[in-house]
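Asker: Dropping the sequence and predicted coords here.
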Amino acid sequence: MEDIKVQWHLGFASAMNLELAKNRPDLTYHREYNLNKQALEVDLLVIKKDNNILIDNEIGKLFRKYNIVEYKSPNDHLSIDTFYKAGAYASLYKSYGDAVDERKADEITVSIVREIEPVKLFQYFKEHEIHYTNPYFGIYYVTDQVLFPTQIIVTKKLNPAEHIWLTALSAGLGKQQLKKLLEKIETFDSKLDRELADSVLEVTVNANWKIVEELRGDEHMCQALLEIMEPEINKIKETVKEEVTKEVTKEVTREVTKEVTESVTKEVTESVTKEVTESVTKQERQKGIRSLVTFLRSSGQEDTEIMNAIIKVYDVSAIEAEGYL
């Protein structure tokens with residue numbers, strides 16, 4: 001299952017929504033928000049309906065009215081250029097209001113989310129004296145050379161108990177962590193929460209298939225947890241089934257073609273052999289008849305006696321026998 005392409009971004013917006021679930025009535029989410037009429041978009045725009053509302057979750061404490069959130073999947077790089085590009089997106093968002101200064105600069109924040117610590121980026125900050133602080137586990141505020149309040153969120157360093165959704169977006173999940181995720185999902189009653197959780201779970205299952213398989217064989221896992229996992233597992237099984245079916249179909253086609261070819265070849269060979277045999281037999285008979293005619297004539301026999309002899313020896317019709325005279 002290593003070849004499955006994990007769609008990290010599909011689970012990210014759902015994970016953010018669940019992380020900030022306590023303030024859900026106060027926030028509006030816009031996935032892949034277009035900054036302008038061209039193909040330029042940010043991963044997530046979170047808007048506070050009331051700028052005075054405070055968010056309890058550590059991730060949202062920096063938030064103001066308009067919050068640009070960029071997500072970097074485990075395979076994406078977070079370089080200094082990527083960092084400034086996120087700031088540029090925020091600047092573009094500020095400038096694309098319907099009226100001049102409609103979106104105030106002091107109402108905009110930037111968040112960049114990544115699984116592992118961007119070591120080279122932090123090294124760049126130190127070398128260029130760009131100051132940053134670490135107010136919470138896995139959360140870094142950049143305090144220098146930025147137009148908008150900016151934070152870098154390293155999900156691997158977040159407290160898994162407090163940030164179960166973002167930490168679930170990892171290909172290195174432990175068995176206990178996955179169990180806790182499933183147990184958390186089991187407690188959900190609302191349709192929205194279950195749908196958001198399923199989106200995160202689909203990414204997690206695809207990225208941690210080996211652990212999922214181990215848990216499926218765990219006798220202590222309750223049936224409810226298996227039911228939660230089953231739809232996503234079935235999707236993957238269907239993918240494998242389709243691939244196997246294609247391979248089997250290809251192999252069967254190859255074998256059938258081979259058998260048909262061999263069968264046709266055999267039939268053609270038998271037919272040709274029969275024709276050749278018949279041709280050889282006919283030529284031998286013609287040669288024999290001509291030899292007989294030559295012998296009988298040299299013996300002084302009349303055509304009538306010769307024709308009778310041909311009919312008797314070679315069992316041919318009188319018309320055919322006459323043709324040799």
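Answerer: Everything's here; your move. Numbering: from 1, shown residues only.

Asker: alpha carbons only for contacts and neighbour counts from here, please
Answerer: Will do.

Asker: Which strand residues bridge residue 70?
Answerer: Note on residue 70: beta-bridge partners by DSSP bridges are residue 112.

Asker: how about it, what does it touch?
Answerer: 42-44, 86, 110-113 (Cα atoms under 8 Å, 6 or more residues apart in numbering).

Asker: out of those residues, which one sits closest to residue 154?
Answerer: residue 113 (6.2 Å; Cα to Cα).

Asker: As TSV, the contacts of residue 70 with neighbour count would be great.
Answerer: Shown next, in TSV, are the contacts of residue 70 (neighbours: other Cα atoms under 10 Å):
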residue	neighbour count
42	19
43	19
44	22
86	19
110	27
111	26
112	22
113	21
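
Asker: can you give me the strands in the chain?
Answerer: Under the criterion DSSP state E, the chain contains strands at 27-34, 41-48, 66-72, 108-114, 132-136, 139-142, 150-154.

Asker: For my notes, please list those in CSV and give distance to residue 100 and mean pLDDT for each entry.
Answerer: Listed next are those as CSV, based on distance: least, Cα to Cα, whole Å; pLDDT from 0 to 100:
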stretch, distance to residue 100, mean pLDDT
strand 27-34, 19, 78
strand 41-48, 19, 91
strand 66-72, 16, 95
strand 108-114, 15, 97
strand 132-136, 31, 97
strand 139-142, 27, 98
strand 150-154, 23, 98
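
Asker: Could I get these in a markdown table, plus columns for distance to residue 19?
Answerer: Converted to a markdown table, the strands of the chain look like this (distance: least, Cα to Cα, whole Å):
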| stretch | distance to residue 19 |
| --- | --- |
| strand 27-34 | 12 |
| strand 41-48 | 13 |
| strand 66-72 | 14 |
| strand 108-114 | 13 |
| strand 132-136 | 15 |
| strand 139-142 | 14 |
| strand 150-154 | 13 |
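
Asker: Can you give me the domain assignment for this structure?
Answerer: 8-221, 242-322 (automatic domain parsing).

Asker: out of those, deepest packed?
Answerer: Each of those was scored by mean neighbour count; the highest is domain 8-221, a mean of 17, by mean count of other Cα atoms under 10 Å.

Asker: Could you give the separation of that domain from the chain centroid?
Answerer: Relative to the chain's own centre, domain 8-221 is displaced by 23 Å; criterion: Cα atoms, centre = their mean, to the nearest Å.

Asker: still on that earlier bit, nearest to residue 135, of the contacts of residue 70?
Answerer: Closest to residue 135 out of the contacts of residue 70 is residue 111 (14.6 Å), distances taken as Cα to Cα.

Asker: and stretch 312-319, how far apart are its ends?
Answerer: 13 Å (Cα to Cα, to the nearest Å).

Asker: er, stretch 99-107 I mean
Answerer: Termini of stretch 99-107 sit 15 Å apart (Cα to Cα).

Asker: And the contacts of it?
Answerer: 64-66, 94-95, 97, 147-148.

Asker: What pLDDT is listed against residue 308?
Answerer: Residue 308 carries a pLDDT value of 76.

Asker: Contacts only, for it.
Answerer: By Cα under 8 Å, 6+ apart, the neighbours of residue 308 are residue 318.

Asker: And for residue 114?
Answerer: Per Cα under 8 Å, 6+ apart, neighbours of residue 114: 71-74, 78, 152-155.

Asker: 7 Å - rerun?
Answerer: 71-73, 153-155 (Cα atoms under 7 Å, 6 or more residues apart in numbering).

Asker: so where's the chain uncertain?
Answerer: 1-6, 10, 33, 35-39, 216-282, 284, 295-296, 298-300 (pLDDT under 70).

Asker: The same query, at a cut-off of 80, please.
Answerer: 1-10, 31-40, 212-302, 304-310, 312-316, 321, 324 (pLDDT under 80).

Asker: Looking at the contacts of stretch 99-107, which one is closest to residue 210?
Answerer: Nearest member of the contacts of stretch 99-107 to residue 210, counting by Cα to Cα, is residue 66, at 39.6 Å.

Asker: Would you agree that closest one is in contact with residue 108?
Answerer: Yes - contact criterion Cα atoms under 7 Å: residue 66 and residue 108 qualify, at 4.7 Å.

Asker: how close does the residue lying closest to residue 197 once chain neighbours are set aside get to residue 158?
Answerer: Of all residues not flanking residue 197 in the chain, residue 185 sits nearest, at 6.5 Å (Cα to Cα, 6 or more residues apart in numbering). Going from residue 185 to residue 158 by Cα to Cα gives 19 Å.

Asker: before we move on, what about residue 113?
Answerer: Distance from residue 113 to residue 158, by Cα to Cα: 11 Å.

Asker: One more: residue 286?
Answerer: Residue 286 is 101 Å from residue 158, where distance means Cα to Cα.

Asker: likewise residue 23?
Answerer: Taken as Cα to Cα, the span from residue 23 to residue 158 is 20 Å.
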